[in-house]
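Asks: Show me the folded form of this:
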Amino acid sequence: MNIFPLGQIVATPAALEAIQDSGQTPAFFLDKHAAGDWGEVGKQDAALNDQALLDGERLLSAYRTLKGVRIWIITEATDDEGIRSSTSITLPEEY
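Replies: Modelled structure (predicted):
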């Protein structure tokens, strides 16, 4: 169940390759992110995400593929109409 909209979804080629190499799909990670499972973020970042659900700020989740590659999923802040317009899947070193 999604607790916020993802908007347009984009991904870097390296992140897609890492996910594919692990035998996983982007949808697996996007579903976790959209359900509020922030993955491997620290307590402070998790608290910021929880607050962002209320105030519309950016959301960041961090996961590892089955092969141990770390990926980030970032949903951008809400626009003036209260809509989150985009979500990106990237490797941390690409951000």
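Asks: Check which helices and strands the helix or strand of the chain with the lowest mean pLDDT sits against.
Replies: One helix or strand of the chain scores below all others by mean pLDDT, DSSP states H and E: helix 43-55, with a mean of 95. Helices and strands touching helix 43-55, by 3 or more CB pairs under 8 Å, 6 or more residues apart in numbering; DSSP states H and E, are strand 59-64. Using the backbone N, CA and C atoms, a C-beta is placed for each residue, glycine as well.
Asks: could you give the angle of the next helix or strand after the strand it packs on to helix 43-55?
Replies: Next along the chain after strand 59-64, taking DSSP states H and E as the criterion, comes strand 70-75. Angle between the axes of strand 70-75 and helix 43-55 is 20 degrees (criterion: axes from the mean of the first three to the mean of the last three CA atoms, to 10 degrees).
Asks: send the alpha carbons of strand 70-75 over as CSV?
Replies: C-alpha atoms of strand 70-75 as CSV (Å, rounded to 0.1, in the frame of the first residue of the first chain):
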residue,chain,number,x,y,z
ARG,A,70,23.6,0.1,-2.1
ILE,A,71,20.8,2.0,-3.9
TRP,A,72,18.9,5.1,-2.9
ILE,A,73,15.4,5.9,-3.8
ILE,A,74,14.5,9.6,-3.5
THR,A,75,11.1,11.2,-3.9
